[in-house]
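Engineer: Predicted model, plus sequence, below.
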Amino acid sequence: MTTVAERTQRLAESWEEAPGLASWFKTVDHKKIGRRYIWTASVFFAAAGFEALALRTQLARPDQTLIGPGAYNQLFTMHGTTMIFLFATPMLFGFGNYFVPLMLGARDMAFPRLNAFGYWVFLFAGLLMNASFLFGQAPNGGWFNYVPLTGPEYTPEVNIGFYTVGLLFLGISTTAGAINFIVTTFKLRAPGMSLNRIPLFVWAVLATAFAVVFALPALNADNAMLLLDRKFGFHFFDPAAGGDPVLWQHLFWLFGHPDVYIIVLPALGIVSAIVPVFSRRPMVGYFWLVLANVATAVISFGVWVHHMFAVGLPQLSMSFFSAASLLITIPGGIQIFAWVATMLRGRVVLATPMLFVVGFLISFVAGGLTGVMFGVVPFDQQITDSYFVVAHFHYVLFGGAVFPILAAVYYWMPKITGRLLDERLGKLSFWLIFGGFNLLFFPMHVSGLLGMPRRVYTFLPGLGWEGWNLASSIGAYVVAAGFLATLGNLLWSLRRGRPAGDDPWGGDSLEWATSSPPPPYNFAAVPVVHSAYPLWEDRFRERLDTAQGSPGRQLAGDHEVLRTSELDAEPERAIEMPEETVVPLVVALGFLVAFGGLLAGWYLVAALGVPVVLAGLAAWAWPRREEVAR
Amino acid sequence: MSRRHPRRPPAGRWRWAVLVAGGGLAAQLGGCGRTSPSPLDPHGPGAERVAGLWWLLFWISAVVFVVVSLLVAAALVRRRGDRDTLVRRGGGELLIVVGGVVVPAIVLTAVYVVGLRDLRALTVPRGTDLTVEVIGHDWWWEVRYPREGIVSANEIHVPVGRPVRLVLTSKDVIHSFWVPQLTVKTDLIPGHTNTTWIQASSPGAYRGQCAEYCGLQHAKMAILVVAEPPDAWAGWLAAERRPAAAATDPTAARGRLALERNSCAACHTVRGTAATGTVGPDLTHFGGRRTIGAGALPNTRGNLGGWIVNSQTVKPGNKMPPQPLTPEELQDLLAYLESLN
């Protein structure tokens, strides 16, 4: 008989990755990878934030010449592209990576090496796209990159190449991540966690992952066609040769509108994780929220044409997409009222995470209401592409995603670092960001209603736009100060923060059942759950503690996870997880060479990447000695 | 963990923000902003309809926003117990059904119907017999009256009270025609021909600006719609149909020669002269236009001189290169261009 301590020791040894630099390149631990996603996305967020500050500085006064049109167009393009592709989704994937396995009671993601590979590709694609600044040739076609402006005739320079090749490369990472979330959610849940007990954050990530899998092919096809047009003389989008520039728009928005929900849904999932904990009660309408998640993901594929109401499409088709665009606000409304009902029927604790959630509620409702307006065709035709739409989508994306992400930072960072952030500095940061955000974006509604179009590098005096623009620019700096406060708070907490303990907030989901930060194996014993709020079950911790050391609950092979059934999470069998390896990095590097060569037009170099990728994949799939023996 | 959290309802702070924002908004949109090309200061039936639609949507949104904010505020100001015990009461789903499903379904259906009605109202009225073609270029607007045989740029003259059909296309990339005080925007797409219409209900010059990002100088691609009483418009039309005015005084005559001999003629047309270029705007009646460079500058002698010598300082990247003219040539040219009424 081995003691509990010995068994736990063995578990630790089997999951611990060797220390040192080599291990840094080889890790497959979902927590390390999740942390990397979060930090890398934060760096891209800072870059895109500085770009925004530059834009707002240029627009503080009319007729300024701080930034010329060429630089301005690159900056606003990279601001949008970076925020959407390199910050929002990777940041939420980062939290997903860290917390989905923990919330499911699993020891890792289903495919740890694919997970590592996804991170490396994301990192390389992000660096590749931003390397364009070194050449002064950053993408300059706007984040939706309309042809023919971005085609070979009007932008022959390499700027757009960084966009098309970068996004095709990045798409590999996003798709791999999404598949991993889907399989993890369906196969690695703690016994007893049937579909109707999955934490709402995980439901949101699951719905998002499905949306990614179905939406990205449209963007990839678009970018592949543009690449062929630009590099190899094809004419998909060239009207002179029978191509059609409107095709780009259809494909782009067939991806682009679902992408709004790909960003917002997991953020709403964060809200659904935080609201019950800080209302001290289970969520009102769990079922409604799940339904709303799934409905949003499905309907989001039927609304793309509302980005194209000014293109001159037939009235009948616009009527259809108008109806769908209005319809999709209903699941949004369901979620809003579910959170509000939970808060009303509970007892709100207004700690910093909840404060950011309240900021989110107010901003997201405002952004949702202006969103309804854009579902009404004539209003959209009048106001689209004005500053009003800039205000609208920042209320949706900053209000709907950045506030929840900040809430997640204050809520979950203590789990990741083991230390609490400072509440007073957190609240100061909230008020700076919330106040600055409204000073920054609310006036844009007005400048839009006064006729100011978006994406202009300067404007004339005397049109009534000066004051509103100045207010926006001041607001941008206030927001920046608020982020500095949170950054300072984080750095301070790493050294000085109060120890968080396992469960600083009295949480309901499984991530709070383990230590902060969690051990490499997450849970010594596989947790068994009986509700959607396992930690609020009677004597849950005692039951988990007693299970420690029991061979069935620890899994005999140590480096194993428990596979369970899709619907009811009945235990099926333990499966062995792969060890750390450098292979995902090698494959990602091979892809980097291939895509980099394609971008530069060095096709021989690009071809060199292919054998590296193939060799890496072969090594990846090579069965291990024990597997062969079995 | 047991630290008490301040029980301050944030409503007091918000009230100020709402008052300031609301006051500013009302002041701007309600009259102080007369100089703005605002869709909420409509001067035509199309824009008027959409302005009405906006106010409907605005008030619905305002009510919803206030109701949700009050519910959130109510949740925040309620007495809070200690955070260590859980609340075990049920209920609250009714709020989801009513607030999240029933009410939105009713309101959205109504909004949808109103939207469809307004969409239909924006179709080109029957019997519209005046047609203007607008062709987008990087970064200016070519304006043609096909039946009247007029070619102009960056300015559309229309008679007050009469619907005008606009036929829109583009020579290069996608642009968007947006004169907010008259009607909704419509894109100009290469390979496509779009149709919209405008009608001005009162005389005036209505500013518009390209609304689809079209590259380097998207910011400086403005257009003016000048609405005149029918008589004045007819006069303008008659003048515009004639070829360029003959250069009467000797300075202007020398200016005409300078225009024909220098690179100007390679890109610009002045009907009745040897200048027949088609790259840039037609200048036959340039003297009567109000702006230079698609709204980049007011059309004054000083501005025009600066523009000709080096327009790149005003509108970097536009297709007109700096003109190496002697000071005398420049003065002659300015005199000639000003005489082109």
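Structural biologist: Sure, I can see it.
Engineer: From here on, just use CA atoms for contacts and neighbour counts.
Structural biologist: Will do.
Engineer: which stretches of chain B have low pLDDT?
Structural biologist: Low-confidence segments of chain B (pLDDT under 70): B:1-34, B:79-83.
Engineer: any chance you could map the helices in it?
Structural biologist: B:11-27, B:45-77, B:93-95, B:103-121, B:230-241, B:250-261, B:264-267, B:301-310, B:327-339 (DSSP state H).
Engineer: So the most centrally placed residue in chain B versus B:Phe177, what's the distance?
Structural biologist: Nearest residue to the geometric centre of chain B (Cα atoms, centre = their mean): B:Gly208, 2.7 Å. Separation of B:Gly208 from B:Phe177 (Cα to Cα, to the nearest Å) stands at 7 Å.
Engineer: who touches the residue lying closest to B:Ser176 once chain neighbours are set aside in this structure?
Structural biologist: Of all residues not flanking B:Ser176 in the chain, B:Asp187 sits nearest, at 4.0 Å (Cα to Cα, 6 or more residues apart in numbering or on different chains). Counting by Cα atoms under 8 Å, 6 or more residues apart in numbering or on different chains, B:Asp187 touches A:310-312, B:168, B:174-177, B:194, B:212.
Engineer: The same query, at a cut-off of 6 Å, please.
Structural biologist: A:310-311, B:175-176 (Cα atoms under 6 Å, 6 or more residues apart in numbering or on different chains).
Engineer: Tell me the most packed of these, by neighbour count.
Structural biologist: B:His175 (32 neighbours; other Cα atoms under 10 Å in any protein chain shown).
Engineer: Show me what that residue is bridged to.
Structural biologist: B:Leu188 (DSSP bridges).
Engineer: ok, now B:Val132?
Structural biologist: B:Leu166.
Engineer: thinking it is in contact with B:Glu148, fair?
Structural biologist: No: counting by Cα atoms under 6 Å, B:Val132 sits too far from B:Glu148 to count as a contact (9.6 Å).
Engineer: When the two are compared, which one has more neighbours?
Structural biologist: Between B:Val132 and B:Glu148, B:Val132 has the larger neighbour count (other Cα under 10 Å), namely 23 against 14.
Engineer: count of residues packed around A:Trp622?
Structural biologist: 11.
Engineer: do you know how far it is from chain B?
Structural biologist: 50 Å (Cα to the nearest Cα, to the nearest Å).
Engineer: And for A:Glu157?
Structural biologist: From A:Glu157 to chain B the distance is 13 Å (Cα to the nearest Cα).
Engineer: A:Thr3 too?
Structural biologist: For A:Thr3, the distance to chain B - Cα to the nearest Cα - is 34 Å.
Engineer: Would you mind measuring from that residue to A:Ile84?
Structural biologist: Taking Cα to Cα, one finds A:Thr3 at 51 Å from A:Ile84.
Engineer: Neighbour count for these two, which is higher?
Structural biologist: A:Ile84 (19 against 10).
Engineer: Give the helix, strand or coil label for that one.
Structural biologist: At A:Ile84, secondary structure determined by DSSP: H, G, I helix; E, B strand; the rest coil is helix.
Engineer: Touching, the residue nearest to the centre of chain B and B:Ile223? I think so.
Structural biologist: Yes: at 5.0 Å, B:Gly208 counts as touching B:Ile223 under the criterion of Cα under 6 Å.
Engineer: Just give me the neighbour total for residue 307.
Structural biologist: Just going to use chain A. For A:His307, the count of nearby residues is 21 (other Cα under 10 Å).
Engineer: actually it's chain B I care about, not the one you picked
Structural biologist: B:Trp307 - counted by other Cα under 10 Å - has 22 other residues nearby.
Engineer: how about it, what does it touch?
Structural biologist: By Cα under 6 Å, 6+ apart, no residues touch B:Trp307.
Engineer: How much space separates it from B:Thr284?
Structural biologist: Distance from B:Trp307 to B:Thr284, counting by Cα to Cα: 18 Å.
Engineer: Using the record, which stretches count as separate domains in chain A?
Structural biologist: Annotated domains of chain A cover A:4-581, A:586-630 [automatic domain parsing].
Engineer: So what touches stretch B:250-266?
Structural biologist: With contact meaning Cα under 6 Å, 6+ apart, stretch B:250-266 is reached by B:247, B:274-275, B:277, B:332-333, B:335-336.
Engineer: typo on my end, it should be stretch B:87-107
Structural biologist: By Cα under 6 Å, 6+ apart, the list of residues contacting stretch B:87-107 reads A:280-281, A:285, A:333-334, A:337-338, A:341, A:346.
Engineer: In the stretch 501-630 of chain A, where is pLDDT below threshold?
Structural biologist: Ranges of the stretch 501-630 of chain A meeting pLDDT under 70: A:549, A:627-630.
Engineer: 90 - rerun?
Structural biologist: A:538, A:541-542, A:544-559, A:622-630 (pLDDT under 90).
Engineer: for it, what spans make up the strands?
Structural biologist: A:560-564, A:571-576 (DSSP state E, counting those that start in this stretch).
Engineer: Let me know which of those strands is tucked in deepest.
Structural biologist: The highest mean neighbour count among those, using mean count of other Cα atoms under 10 Å in any protein chain shown, belongs to strand A:560-564: a mean of 23.
Engineer: What pairs with it, parallel or antiparallel?
Structural biologist: Using DSSP bridges, the strands paired with strand A:560-564 are strand A:571-576 (antiparallel).
Engineer: and A:Phe360, helix, strand or coil?
Structural biologist: Applying three-state DSSP: A:Phe360 is helix.
Engineer: Output the below-cut-off pLDDT ranges for chain A.
Structural biologist: A:1-14, A:16-23, A:538, A:541-542, A:544-559, A:622-630.
Engineer: Alongside chain B, which residues does it contribute?
Structural biologist: Contact residues, chain A versus chain B (Cα under 6 Å from any Cα of the partner chain): A:69-70, A:148-149, A:239, A:280-281, A:285, A:310-312, A:333-334, A:337-338, A:341, A:343-344, A:346-347, A:369, A:376, A:378, A:381-382, A:385, A:449-451, A:453, A:456-457, A:463-464.
Engineer: No further queries at this time; thank you.
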